[in-house]
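J.: I would like to see how this sequence folds:
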Amino acid sequence: PPSSLLRSLLARSQVGGALLARPAAATTGRTFATKASKAGDDDTPFEVDVAPFQVHKLESFPEPKVETTKKEVLAFFRDLFRMRRMEIAADVLYKGKFIRGFCHLYDGQEAVCVGMEASINYEDAIITSYRDHCTYLGRGGNMYEVVAELLGRKDGCSRGIGGSMHMYLRENNFYGGNGIVGAQVPLGVGIAFQQKYNKKRNCTFTMYGDGAANQGQGFEALNIAALWDLPVVYVCENNHFGMGTAEGRASKSPEFYKRGDYVPGIKVDGMDVFAVKKAVAFAKEFVVENGPLVMEMDTYRYHGHSMSDPGSTYRTRDEVSGIRRERDPIERVRKLIVEMELATTAEIKAIEKECRKEVDDAIEKAKACPEPPVDWLTKNIYSSKPNSFEFVRGTERGIQHEAY
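T.: Okay, the predicted model is just below:
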């Protein structure tokens with residue numbers, strides 16, 4: 001029989017479990033098609049129903065209807081599938097000992113990343129934890145840079161020195177990739193402070209998991225954000241297990257969107273890319289005008305906490321397969337494509353084939369890339385060359401290395 005957690009997770013999906021498309025109300029003044037073949041082009045908008053949002057201390061909040069287009073739906077499918085394919089490939093590479101050290105995979109949670117990027121731009125900032133491969137990709141990074149970094153090669157996004165947990169894309173305001181549980185949360189508040197100080201109409205999404213939700217530094221930083229009305233969204237990616245501990249065993253109140261107390265919150269179906277898109281658009285507008293918001297993404301990871309965790313000692317295989325069957329973010333979009341005739345089966349397979357090739361090509365190229373030279377270990381420690389810091393002290397007495 002399914003576990004109590006599985007029953008709870010599946011129950012949450014029943015309200016908006018199936019993606020239902022509908023023509024928009026006539027009052028919008030535009031025509032919406034129920035079939036893409038009738039729409040005539042890729043940019044004709046139509047509406048998709050999502051599960052109702054749950055809110056805390058919000059007088060107004062988004063309706064459970066999302067406007068989209070054929071072009072966007074197919075783009076969502078492509079992005080979700082390529083991220084999933086990349087993470088599955090990382091699993092194989094890790095087991096083949098091409099990836100060493102820590103490796104935390106994101107498969108199951110891809111809708112959070114893809115939906116967020118649909119409603120923000122690269123002037124908005126994201127900072128996250130060590131489960132960061134797909135976030136880097138979503139921020140505009142390319143597949144090869146991710147794979148090369150995972151393999152510790154010099155062409156990686158962090159030059160092969162950061163590895164799985166430390167991917168950055170500064171030019172697109174992605175600040176990692178942070179290995180210490182919860183440490184990125186106050187850093188995100190600091191980035192939001194910079195945005196407000198410089199009078200930018202942008203915001204920061206500081207992301208953490210349910211396992212980090214009880215960190216004191218998060219609450220301290222939230223207090224500052226509320227005092228100063230900083231444009232920051234606290235995004236709790238609730239995949240229901242902090243390592244191997246279920247949310248209810250670690251948190252007295254697992255309603256994480258309410259944990260801000262005096263800060264408003266919203267709960268989103270994080271397995272539905274359309275719901276994420278709608279909620280994130282609302283969140284950005286809200287925090288720029290009013291200050292912080294706590295957003296709980298109700299999601300699920302298929303792999304264990306990391307590659308060293310089989311993920312089967314604290315949950316059943318039936319639980320994982322049940323979530324895959326009822327709530328998988330890729331299959332939800334595939335179902336919408338098929339029901340609305342947005343693409344043929346052959347066209348869907350072509351997208352999947354293209355994504356597989358992209359991943360395979362990146363792996364082949366990364367394996368051929370050399371590792372970073374040893375002297376890079378002492379580089380990039382100082383941001384510029386101060387008069388007294390031309391050298392970095394070595395591990396043995398008297399040994400020094402040039403810093404630049």
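
J.: for Val280, what is the enclosing helix or strand?
T.: If you go by DSSP states H and E, Val280 is part of helix 273-290.

J.: could you give me the average pLDDT of that helix?
T.: Helix 273-290 shows a mean pLDDT of 98.

J.: what does stretch 77-94 give?
T.: 97.

J.: could you export it as CSV, CA atoms only?
T.: The C-alpha atoms that make up stretch 77-94 are tabulated as CSV, following Å, rounded to 0.1, in the frame of the first residue of the first chain:
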residue,chain,number,x,y,z
PHE,A,77,9.2,20.5,-23.1
ARG,A,78,12.6,20.8,-24.7
ASP,A,79,14.2,22.5,-21.7
LEU,A,80,12.7,20.0,-19.2
PHE,A,81,13.8,17.1,-21.3
ARG,A,82,17.3,18.3,-21.9
MET,A,83,17.8,19.0,-18.1
ARG,A,84,16.4,15.5,-17.3
ARG,A,85,18.7,13.9,-19.8
MET,A,86,21.7,15.8,-18.5
GLU,A,87,21.1,14.7,-14.9
ILE,A,88,20.6,11.0,-15.9
ALA,A,89,23.8,11.2,-17.9
ALA,A,90,25.5,12.6,-14.7
ASP,A,91,24.3,9.6,-12.8
VAL,A,92,26.0,7.3,-15.4
LEU,A,93,29.2,9.4,-15.4
TYR,A,94,29.3,9.3,-11.6
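
J.: name the residues that touch that stretch?
T.: 99, 103, 105-107, 110-111, 113-114, 133-134, 137-138, 143, 146-147, 150-151, 164, 273, 303, 307, 329-330, 333-334, 337, 348, 351-352, 354-356, 358-360, 363 (Cβ atoms under 8 Å, 6 or more residues apart in numbering). The way it works is simple: take the backbone N, C-alpha and C, and place the C-beta from them, glycine included.

J.: can you pull out the helices in the stretch 1-150 of the chain?
T.: 4-14, 36-39, 70-95, 110-117, 133-138, 143-150 (DSSP state H, counting those that start in this stretch).

J.: look up how far Tyr302 lies from Ala51.
T.: Separation of Ala51 from Tyr302 (Cβ to Cβ, to the nearest Å) stands at 20 Å.

J.: how about Ile348?
T.: 21 Å.

J.: same check, this time on Gly160
T.: Where Tyr302 is concerned, Gly160 sits at a distance of 27 Å (Cβ to Cβ).

J.: and if you look at Lys196?
T.: 38 Å.

J.: for Thr316, same thing?
T.: For Thr316 relative to Tyr302 (Cβ to Cβ), the value is 13 Å.

J.: among those two, which residue is more densely surrounded?
T.: Tyr302 (19 against 14; other Cβ atoms under 10 Å).

J.: secondary structure element for the more buried one?
T.: Per DSSP H and E, there is no helix or strand for Tyr302.

J.: which residue, other than its chain neighbours, is closest to it?
T.: Gly108 (4.2 Å; Cβ to Cβ, 6 or more residues apart in numbering).

J.: likewise for Ser164?
T.: Cys103 (4.6 Å).

J.: tell me the contacts of the one you found?
T.: Residues in contact with Cys103 (Cβ under 8 Å, 6+ apart) are 90, 94, 150, 164, 306-307.

J.: which among those residues gets closest to Val263?
T.: Nearest to Val263 among these, counting by Cβ to Cβ, is Ser306 at 30.5 Å.

J.: wait, isn't the closest one in contact with His104?
T.: Yes. Counting by Cβ atoms under 8 Å, Ser306 does reach His104; the two are 4.8 Å apart.

J.: quick one, which of these two is more surrounded?
T.: His104 (23 against 18).

J.: what's Tyr168 in contact with, if anything?
T.: Taking Cβ under 8 Å, 6+ apart as the test, what Tyr168 contacts is 136, 157-158, 162, 174-177.

J.: gap between it and Ile381?
T.: Distance from Tyr168 to Ile381, by Cβ to Cβ: 16 Å.

J.: kindly report the same for Glu347.
T.: In terms of Cβ to Cβ, Glu347 sits 50 Å off from Ile381.

J.: just want the most central residue of the chain.
T.: Cys113 (3.4 Å; Cα atoms, centre = their mean).

J.: quick one, what contacts it?
T.: By Cβ under 8 Å, 6+ apart, the contact list for Cys113 reads 83, 106, 134-135, 137-138.
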